[in-house]
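Asks: here you go, sequence then predicted model.
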Amino acid sequence: MWSCPWSKKVWKFSFLNGVYKQWREPSFIDLLAHVVKTSSNEEVELFSVICWLLWKSRNRFKHEGVVEESKHIVWSANEWLNTFQDAQRSNETVTNDATQKRVQVKWRPPTAPNLKLNTDAAIDYKKKKAGLGMVVRDGEGKLKCAGHKVLPGNPSIVAIEALAVYHGLLLCREAGFQKLVVESDSTIVIDALNKTELDLSVEGGVLDDIKCLASTFKSVLWKKVNREGNIAAHKMAKHALIADKDRLWQEAGPPWLTDIILDECRN
């Protein structure tokens, strides 16, 4: 689960990429205890899902002869965990005058004069390419600009989410925007950007570039949002994989994006 060469390839693309060669735990229980002690709650959840998918992949190889790509296992774990968390949130309720009302998570406009940049990423492992989605809106929910970008290769989930933020900031700088709220559904990326210490992970270079670029703006606030509040950027990233080319829109977006924005403004 941890020490075999194939498993290490999987851990290399996870949040444990900085320690997968260093930790030497005598048993899985010791490894789990170490992860619980040194990681955030979401990282512990992700660790558990990766372990489950590793075992599932092992059985698939043993019984079907199918070998899954290590990056795909980490990507699947992130997708599975995001879907599960969104489902859990949708089932949460709050009490209001003794009446149970379902909590609805959705995109929220920024407070003027700030603009909100939402970013997301998608990966097509079979075609070995990644799509980045960026959407910028104002305090009334109106589109200021949007774009998607296609990158070759199969980068890690964290790296591609970070690159989406980076290219989103580049888009905002070129448009002359100065005060931003930046939202991503990657907890790892947002937590890293909110920290002041040097990031020594594989993605640390990209995260440092983001912080350096952010320092050229008047203000940038980093916020984590779940998938339900990041639909426009998520669809934009998916559309990048279909279009297979870079695109940029100013104020008026494609019809499918306009429909999403109008729907979120009505709700």
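Replies: In hand now; what should we look at? Being a predicted model, the structure only gives us computed values, none of them experimental.
Asks: now the protein, which segments are flagged as low pLDDT?
Replies: For the chain, the stretches with pLDDT under 70 are 1-3, 6, 13, 16-26, 86-105, 198-203, 267.
Asks: and it, what are its domains?
Replies: As assigned by automatic domain parsing, the chain contains the domains 5-90, 115-266.
Asks: now those as CSV including distance to Trp107?
Replies: (Glycine included, C-beta is placed from N, CA and C.) As requested, the domains of the chain are exported to CSV (distance: least, CB to CB, whole Å):
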stretch, distance to Trp107
domain 5-90, 14
domain 115-266, 5
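Asks: which parts of the stretch 51-200 of the chain are strands?
Replies: 93-96, 99-102, 115-124, 129-137, 143-152, 179-184 (DSSP state E, counting those that start in this stretch).
Asks: so which of those gets nearest Glu69?
Replies: strand 115-124 (10.6 Å; CB to CB).
Asks: now the domains of the chain as JSON lines including distance to Lys106 and mean neighbour count?
Replies: Shown next, in JSON lines, are those (distance: least, CB to CB, whole Å; neighbours: other CB atoms under 10 Å):
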{"stretch": "domain 5-90", "distance to Lys106": "11", "mean neighbour count": "15"}
{"stretch": "domain 115-266", "distance to Lys106": "6", "mean neighbour count": "19"}
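Asks: which one of the strands of the stretch 51-200 of the chain lies closest to Val36?
Replies: Of the strands of the stretch 51-200 of the chain, nearest to Val36 by CB to CB is strand 179-184, at 25.2 Å.
Asks: span of stretch 114-131 from start to end?
Replies: 26 Å (CA to CA, to the nearest Å).
Asks: phi, psi for the nearest residue to Gln85 once chain neighbours are set aside please.
Replies: Distances taken as CB to CB, 6 or more residues apart in numbering place Asn226 nearest to Gln85, at 6.6 Å, with adjacent residues excluded. Asn226 adopts backbone torsions of phi -80, psi 170, taken as degrees, to the nearest 10.
Asks: quick one on the thing from earlier: tell me which of the strands of the stretch 51-200 of the chain lies nearest to Val10.
Replies: strand 115-124 (15.1 Å).
Asks: direction included, what does the closest one pair up with?
Replies: Take DSSP bridges as the rule and strand 115-124 pairs in its sheet with strand 129-137 (antiparallel), strand 179-184 (parallel).
Asks: chain center to that strand: distance?
Replies: 8 Å (CA atoms, centre = their mean, to the nearest Å).
Asks: got the angle for it vs strand 143-152?
Replies: 30 degrees (axes from the mean of the first three to the mean of the last three CA atoms, to 10 degrees).
Asks: report the contact partners of the most centrally placed residue in the chain.
Replies: With distances taken as CA atoms, centre = their mean, Ser186 lies nearest the centre of the chain, 3.1 Å away. By CB atoms under 8 Å, 6 or more residues apart in numbering, the contact list for Ser186 reads 157-158, 161-162, 224.
Asks: could you dump the strands of the stretch 51-200 of the chain to JSON lines with distance to Leu248?
Replies: Below are those laid out as JSON lines (distance: least, CB to CB, whole Å):
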{"stretch": "strand 93-96", "distance to Leu248": "40"}
{"stretch": "strand 99-102", "distance to Leu248": "37"}
{"stretch": "strand 115-124", "distance to Leu248": "14"}
{"stretch": "strand 129-137", "distance to Leu248": "9"}
{"stretch": "strand 143-152", "distance to Leu248": "4"}
{"stretch": "strand 179-184", "distance to Leu248": "17"}
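Asks: go through those and name the closest to Ser39.
Replies: Nearest of the strands of the stretch 51-200 of the chain (CB to CB): strand 179-184, 19.3 Å.
Asks: run through who's touching that closest one.
Replies: 110, 113-120, 161, 164-165, 168-169, 172, 190, 217-225, 229-230, 233.
Asks: what sits against Val150?
Replies: Per CB under 8 Å, 6+ apart, neighbours of Val150: 129-132, 240-241, 243-246.
Asks: same for the longest helix along the chain, what does it pack against?
Replies: As assigned by DSSP state H, the longest helix anywhere in the chain is helix 41-64. Under the contact criterion of 3 or more CB pairs under 8 Å, 6 or more residues apart in numbering; DSSP states H and E, helix 41-64 touches helix 5-12, helix 28-38, helix 70-90, helix 187-193.
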